[in-house]
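Undergrad: Quick one, structure for this:
(chains A and B)
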Amino acid sequence: MPLTHLTRALAVATLLSVTGGAALAAGTEPGTSVSSTVSISYSSGGTTITQDDAASVEFVVDRKVDFSFQGQDAGGTVLADQGAAEQVMVFRLENEGNDASGYDIDVARAGDIGLTHDPAGVASRGPTRSMSARNRISRRRMRSMTMTAPRRSATCRPTRCASSRS
Amino acid sequence: MVQFSPVPAFLLAAVIALPIQPAMAETSVSIEVVREVETEEGERELQPVETAVPGEPLIYRIELENTDPVPATSIGLSLPLDESLAIDPETVSSETDIGVVFSADGGENFAEFSELSVEEGGTERQAQPTDLTHMRIEIEEIAAESTIAVEYDAVVR
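TA: Numbering: from 1, shown residues only, chains lettered A, B, ... in the order given. Predicted structure coming up:
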(Lines give C-alpha, C1' and ligand atoms only; values in the text may rest on other atoms or scores of the structure.)
Protein backbone atom coordinates (compact mmCIF):
# COMPACT_ATOMS: atom_id res chain seq x y z
CA MET A 1 0.00 0.00 0.00
CA PRO A 2 1.51 3.30 -1.00
CA LEU A 3 2.35 5.83 1.53
CA THR A 4 0.44 9.00 1.23
CA HIS A 5 2.43 11.99 2.13
CA LEU A 6 0.20 14.25 4.02
CA THR A 7 -2.69 14.54 1.92
CA ARG A 8 -4.46 16.48 4.45
CA ALA A 9 -2.81 18.99 6.57
CA LEU A 10 -3.74 18.97 10.10
CA ALA A 11 -3.36 22.54 11.07
CA VAL A 12 -2.55 22.26 14.65
CA ALA A 13 -2.91 25.60 16.23
CA THR A 14 -1.84 25.21 19.73
CA LEU A 15 -2.62 27.70 22.35
CA LEU A 16 -0.98 27.23 25.64
CA SER A 17 -2.44 29.29 28.39
CA VAL A 18 -0.98 29.14 31.80
CA THR A 19 -2.56 29.57 35.15
CA GLY A 20 -1.30 29.10 38.65
CA GLY A 21 1.52 26.89 39.76
CA ALA A 22 5.05 26.32 41.00
CA ALA A 23 8.23 26.04 38.94
CA LEU A 24 10.90 24.58 36.76
CA ALA A 25 13.46 22.15 37.90
CA ALA A 26 16.40 24.03 36.69
CA GLY A 27 15.36 27.15 38.50
CA THR A 28 15.48 28.62 41.94
CA GLU A 29 12.03 28.64 43.47
CA PRO A 30 10.05 31.86 43.26
CA GLY A 31 10.10 33.97 46.39
CA THR A 32 13.69 33.04 47.21
CA SER A 33 15.79 35.97 48.42
CA VAL A 34 19.18 36.26 46.79
CA SER A 35 21.60 38.40 48.75
CA SER A 36 25.16 39.51 48.23
CA THR A 37 27.27 40.98 51.00
CA VAL A 38 30.71 42.48 50.69
CA SER A 39 33.32 42.90 53.41
CA ILE A 40 36.29 45.18 52.94
CA SER A 41 39.73 45.59 54.45
CA TYR A 42 42.38 48.13 53.55
CA SER A 43 45.48 49.82 54.89
CA SER A 44 45.84 53.50 55.57
CA GLY A 45 48.37 55.43 57.58
CA GLY A 46 49.93 52.20 58.80
CA THR A 47 46.62 50.88 60.10
CA THR A 48 44.56 48.03 58.71
CA ILE A 49 40.88 48.75 58.71
CA THR A 50 38.32 45.98 58.33
CA GLN A 51 34.60 46.38 57.81
CA ASP A 52 32.65 43.13 57.85
CA ASP A 53 29.36 43.14 55.95
CA ALA A 54 30.09 46.66 54.82
CA ALA A 55 27.43 46.63 52.12
CA SER A 56 24.80 44.28 50.78
CA VAL A 57 22.16 44.02 48.12
CA GLU A 58 19.21 41.68 47.76
CA PHE A 59 16.52 40.76 45.26
CA VAL A 60 13.73 38.20 45.12
CA VAL A 61 13.38 35.44 42.56
CA ASP A 62 10.25 35.89 40.50
CA ARG A 63 8.04 33.24 38.96
CA LYS A 64 9.13 32.14 35.52
CA VAL A 65 6.52 30.63 33.22
CA ASP A 66 8.09 28.83 30.34
CA PHE A 67 7.01 25.77 28.38
CA SER A 68 8.28 23.83 25.44
CA PHE A 69 5.87 21.79 23.34
CA GLN A 70 7.32 19.59 20.65
CA GLY A 71 6.15 16.90 18.34
CA GLN A 72 8.17 13.78 18.95
CA ASP A 73 7.74 12.32 15.51
CA ALA A 74 10.69 12.71 13.19
CA GLY A 75 10.49 15.98 11.37
CA GLY A 76 7.25 16.74 13.12
CA THR A 77 5.51 14.64 10.51
CA VAL A 78 3.65 11.37 10.65
CA LEU A 79 3.57 9.40 7.43
CA ALA A 80 0.55 7.16 7.18
CA ASP A 81 -0.65 4.54 4.78
CA GLN A 82 -3.67 5.44 2.75
CA GLY A 83 -6.73 4.43 4.73
CA ALA A 84 -4.77 3.65 7.83
CA ALA A 85 -6.41 4.34 11.14
CA GLU A 86 -5.09 5.02 14.59
CA GLN A 87 -2.32 7.23 13.38
CA VAL A 88 -0.58 8.52 16.44
CA MET A 89 1.12 11.82 17.02
CA VAL A 90 3.16 12.18 20.15
CA PHE A 91 4.01 15.50 21.72
CA ARG A 92 6.10 16.40 24.67
CA LEU A 93 5.17 19.24 26.95
CA GLU A 94 7.91 20.36 29.30
CA ASN A 95 7.67 22.88 32.07
CA GLU A 96 10.82 24.93 31.83
CA GLY A 97 9.72 27.49 34.38
CA ASN A 98 10.57 27.58 38.05
CA ASP A 99 7.09 26.81 39.34
CA ALA A 100 4.24 24.41 38.74
CA SER A 101 1.94 25.89 36.15
CA GLY A 102 -1.41 25.14 34.68
CA TYR A 103 -1.72 24.74 30.93
CA ASP A 104 -4.50 24.78 28.46
CA ILE A 105 -3.71 23.42 25.03
CA ASP A 106 -6.26 23.74 22.28
CA VAL A 107 -5.63 21.87 19.08
CA ALA A 108 -7.58 22.58 15.94
CA ARG A 109 -7.39 20.36 12.94
CA ALA A 110 -8.18 20.76 9.30
CA GLY A 111 -9.73 18.07 7.18
CA ASP A 112 -11.72 15.01 7.99
CA ILE A 113 -9.74 13.73 10.85
CA GLY A 114 -10.60 13.03 14.41
CA LEU A 115 -8.44 13.62 17.42
CA THR A 116 -8.14 11.93 20.72
CA HIS A 117 -6.10 13.17 23.59
CA ASP A 118 -4.52 10.75 25.96
CA PRO A 119 -2.75 12.63 28.75
CA ALA A 120 -1.12 9.44 29.97
CA GLY A 121 0.68 9.10 26.69
CA VAL A 122 -1.15 5.91 25.76
CA ALA A 123 -3.19 6.03 22.60
CA SER A 124 -6.90 5.51 22.79
CA ARG A 125 -9.57 6.06 20.27
CA GLY A 126 -12.06 8.84 20.52
CA PRO A 127 -14.51 10.63 18.35
CA THR A 128 -13.36 14.17 18.90
CA ARG A 129 -12.58 16.45 16.04
CA SER A 130 -10.75 18.89 18.13
CA MET A 131 -8.80 18.52 21.26
CA SER A 132 -8.35 20.45 24.39
CA ALA A 133 -5.99 19.50 27.16
CA ARG A 134 -5.99 21.24 30.49
CA ASN A 135 -4.02 20.33 33.51
CA ARG A 136 -1.19 21.37 35.70
CA ILE A 137 2.40 20.37 35.37
CA SER A 138 4.99 20.57 38.08
CA ARG A 139 8.30 22.26 37.75
CA ARG A 140 11.01 20.16 36.20
CA ARG A 141 8.41 17.80 34.79
CA MET A 142 7.55 16.81 31.31
CA ARG A 143 4.48 15.10 30.03
CA SER A 144 3.94 13.01 26.97
CA MET A 145 0.73 13.48 25.05
CA THR A 146 -0.69 11.33 22.35
CA MET A 147 -3.16 12.40 19.72
CA THR A 148 -4.80 9.77 17.60
CA ALA A 149 -6.33 10.31 14.22
CA PRO A 150 -8.72 7.36 14.05
CA ARG A 151 -10.05 7.35 10.53
CA ARG A 152 -8.24 9.04 7.75
CA SER A 153 -4.75 8.83 6.59
CA ALA A 154 -2.99 12.05 7.15
CA THR A 155 0.22 13.64 7.97
CA CYS A 156 -0.01 15.76 10.98
CA ARG A 157 2.36 18.55 11.72
CA PRO A 158 2.13 20.71 14.77
CA THR A 159 2.62 24.11 13.39
CA ARG A 160 2.68 26.42 16.30
CA CYS A 161 2.93 26.43 20.01
CA ALA A 162 2.68 29.60 21.95
CA SER A 163 3.01 30.12 25.62
CA SER A 164 1.73 32.98 27.62
CA ARG A 165 3.03 34.26 30.90
CA SER A 166 0.70 34.69 33.79
CA MET B 1 67.62 92.47 69.41
CA VAL B 2 64.50 90.64 68.64
CA GLN B 3 62.23 89.97 71.47
CA PHE B 4 59.64 87.27 71.51
CA SER B 5 56.55 87.67 73.45
CA PRO B 6 56.09 84.71 75.75
CA VAL B 7 53.67 82.00 74.68
CA PRO B 8 50.96 81.62 77.23
CA ALA B 9 51.58 78.49 79.20
CA PHE B 10 48.06 77.17 78.77
CA LEU B 11 48.35 77.36 74.97
CA LEU B 12 51.68 75.58 74.96
CA ALA B 13 50.27 72.82 77.11
CA ALA B 14 47.32 72.40 74.82
CA VAL B 15 49.52 72.00 71.75
CA ILE B 16 51.75 69.45 73.44
CA ALA B 17 48.73 67.47 74.55
CA LEU B 18 47.42 67.07 71.00
CA PRO B 19 47.99 63.50 69.79
CA ILE B 20 49.93 63.18 66.59
CA GLN B 21 47.95 61.00 64.22
CA PRO B 22 48.93 59.98 60.72
CA ALA B 23 46.49 60.87 57.98
CA MET B 24 44.11 58.01 57.29
CA ALA B 25 41.97 57.19 54.30
CA GLU B 26 38.30 56.56 54.73
CA THR B 27 37.02 54.15 52.14
CA SER B 28 33.38 53.29 51.75
CA VAL B 29 31.92 50.44 49.70
CA SER B 30 28.54 49.94 48.07
CA ILE B 31 27.10 47.12 45.99
CA GLU B 32 24.18 47.09 43.60
CA VAL B 33 22.66 44.63 41.15
CA VAL B 34 21.27 45.91 37.87
CA ARG B 35 19.96 44.64 34.58
CA GLU B 36 20.76 46.09 31.21
CA VAL B 37 17.79 47.31 29.25
CA GLU B 38 17.48 49.11 25.98
CA THR B 39 15.52 52.33 25.98
CA GLU B 40 13.10 53.30 23.24
CA GLU B 41 15.89 55.43 21.83
CA GLY B 42 18.07 52.34 21.56
CA GLU B 43 20.37 53.38 24.36
CA ARG B 44 21.77 51.10 27.04
CA GLU B 45 20.35 51.70 30.46
CA LEU B 46 21.03 49.96 33.75
CA GLN B 47 18.03 49.42 36.01
CA PRO B 48 18.13 48.31 39.66
CA VAL B 49 16.89 44.76 40.17
CA GLU B 50 14.21 44.00 42.73
CA THR B 51 13.03 40.72 41.20
CA ALA B 52 14.62 38.42 38.64
CA VAL B 53 13.83 35.06 37.07
CA PRO B 54 16.19 32.10 36.65
CA GLY B 55 18.57 32.54 33.76
CA GLU B 56 18.16 36.29 33.56
CA PRO B 57 21.48 38.09 33.02
CA LEU B 58 22.35 40.45 35.86
CA ILE B 59 25.24 42.79 36.51
CA TYR B 60 26.73 43.32 39.95
CA ARG B 61 28.56 46.56 40.56
CA ILE B 62 30.73 47.28 43.58
CA GLU B 63 31.88 50.86 44.11
CA LEU B 64 34.73 51.87 46.38
CA GLU B 65 35.16 55.50 47.32
CA ASN B 66 38.15 56.93 49.12
CA THR B 67 37.02 60.27 50.45
CA ASP B 68 40.23 61.30 52.19
CA PRO B 69 43.32 63.06 50.81
CA VAL B 70 45.56 60.02 51.30
CA PRO B 71 45.53 56.76 49.35
CA ALA B 72 44.11 53.52 50.67
CA THR B 73 46.28 50.50 49.95
CA SER B 74 46.06 46.71 49.99
CA ILE B 75 42.32 46.73 49.56
CA GLY B 76 40.61 43.38 49.88
CA LEU B 77 36.97 42.63 49.15
CA SER B 78 35.40 39.41 50.30
CA LEU B 79 32.04 38.13 49.06
CA PRO B 80 30.26 34.92 49.92
CA LEU B 81 28.30 33.88 46.82
CA ASP B 82 24.63 33.09 47.27
CA GLU B 83 23.88 29.48 46.31
CA SER B 84 21.01 30.66 44.12
CA LEU B 85 23.42 32.72 42.07
CA ALA B 86 25.96 31.71 39.45
CA ILE B 87 28.50 34.37 38.64
CA ASP B 88 30.64 34.41 35.52
CA PRO B 89 34.19 34.45 36.91
CA GLU B 90 35.63 35.64 33.61
CA THR B 91 33.67 38.88 33.77
CA VAL B 92 35.02 40.27 37.04
CA SER B 93 36.62 43.49 35.90
CA SER B 94 37.56 47.02 36.83
CA GLU B 95 39.17 50.05 35.28
CA THR B 96 42.21 49.35 37.43
CA ASP B 97 44.28 46.20 37.88
CA ILE B 98 42.63 43.75 40.21
CA GLY B 99 43.34 40.27 41.43
CA VAL B 100 40.45 37.85 41.70
CA VAL B 101 40.44 34.48 43.43
CA PHE B 102 37.64 32.09 44.18
CA SER B 103 36.78 29.36 46.60
CA ALA B 104 34.73 26.28 45.90
CA ASP B 105 34.92 24.86 49.41
CA GLY B 106 33.13 27.39 51.55
CA GLY B 107 36.01 29.84 51.80
CA GLU B 108 38.70 27.44 53.04
CA ASN B 109 40.94 27.65 50.00
CA PHE B 110 41.20 30.29 47.28
CA ALA B 111 42.74 30.19 43.81
CA GLU B 112 42.30 31.75 40.41
CA PHE B 113 39.30 30.25 38.65
CA SER B 114 41.40 28.54 35.99
CA GLU B 115 43.38 26.78 38.72
CA LEU B 116 40.47 25.89 40.93
CA SER B 117 39.42 22.27 41.16
CA VAL B 118 36.80 20.40 43.13
CA GLU B 119 36.64 16.81 44.26
CA GLU B 120 33.71 14.82 43.06
CA GLY B 121 33.23 11.12 43.45
CA GLY B 122 36.80 10.64 44.53
CA THR B 123 38.26 12.44 41.52
CA GLU B 124 39.28 16.01 40.94
CA ARG B 125 37.80 18.10 38.18
CA GLN B 126 38.01 21.70 37.02
CA ALA B 127 35.67 23.93 39.00
CA GLN B 128 32.61 25.28 37.23
CA PRO B 129 30.97 28.64 37.95
CA THR B 130 28.21 26.84 39.83
CA ASP B 131 30.79 25.37 42.21
CA LEU B 132 31.94 28.76 43.47
CA THR B 133 31.13 29.67 47.05
CA HIS B 134 33.26 32.75 47.71
CA MET B 135 35.11 35.46 45.82
CA ARG B 136 37.97 37.71 46.86
CA ILE B 137 39.03 40.81 44.98
CA GLU B 138 42.36 42.49 45.65
CA ILE B 139 43.21 46.04 44.64
CA GLU B 140 46.62 47.55 45.21
CA GLU B 141 45.59 51.14 45.78
CA ILE B 142 42.75 53.58 45.62
CA ALA B 143 44.14 57.04 45.10
CA ALA B 144 43.18 59.88 47.37
CA GLU B 145 39.70 61.25 46.79
CA SER B 146 38.89 58.81 44.03
CA THR B 147 36.44 56.05 43.18
CA ILE B 148 36.92 52.58 41.73
CA ALA B 149 34.20 50.25 40.48
CA VAL B 150 34.27 46.49 40.02
CA GLU B 151 31.67 44.72 37.91
CA TYR B 152 30.75 41.11 37.21
CA ASP B 153 27.95 39.21 35.50
CA ALA B 154 25.71 36.68 37.16
CA VAL B 155 22.50 34.76 36.61
CA VAL B 156 19.93 33.33 38.95
CA ARG B 157 20.27 29.55 38.95
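
Undergrad: so B:Thr51 touches A:Asp62, yeah?
TA: Yes: look at B:Thr51 against A:Asp62 with CB atoms under 8 Å: they come within range, at 4.0 Å. Yep, even glycine has a C-beta here, placed from its N, CA and C like the rest.

Undergrad: Tell me how many other residues surround A:Glu58.
TA: Residues near A:Glu58, counting by other CB atoms under 10 Å in any protein chain shown, number 13.

Undergrad: scratch that, A:Asn98
TA: Neighbour tally, A:Asn98, other CB under 10 Å: 31.

Undergrad: again with A:Gly75
TA: Neighbours of A:Gly75 (other CB under 10 Å): 9.

Undergrad: List the contacts of it.
TA: Listed by CB atoms under 8 Å, 6 or more residues apart in numbering or on different chains, A:Gly75 has no contact partners.

Undergrad: Am I right that it is in a strand?
TA: No: A:Gly75: not assigned to a strand; according to DSSP: H, G, I helix; E, B strand; the rest coil it is helix.

Undergrad: how close does it sit to chain B?
TA: According to CB to the nearest CB, to the nearest Å, A:Gly75 and chain B sit 29 Å apart.

Undergrad: B:Thr51 and A:Asp62: who's more crowded?
TA: Taking neighbours as other CB under 10 Å, B:Thr51 and A:Asp62 compare with A:Asp62 leading, 17 against 14.

Undergrad: Mind pulling the model confidence for that one?
TA: pLDDT recorded at A:Asp62 is 96.

Undergrad: Contact partners for it?
TA: A:30, B:51-53.

Undergrad: isn't B:Asn66 right next to B:Thr27, touching?
TA: Yes: using CB under 8 Å, B:Asn66 is in contact with B:Thr27, at 4.8 Å.

Undergrad: Show me the common contact partners of the two, please.
TA: B:72, B:142.

Undergrad: Give me the spatial nearest neighbour of B:Val92, chain neighbours excluded.
TA: Leaving aside its sequence neighbours, B:Val92 sits nearest to B:Tyr152 (CB to CB, 6 or more residues apart in numbering or on different chains; 4.2 Å).
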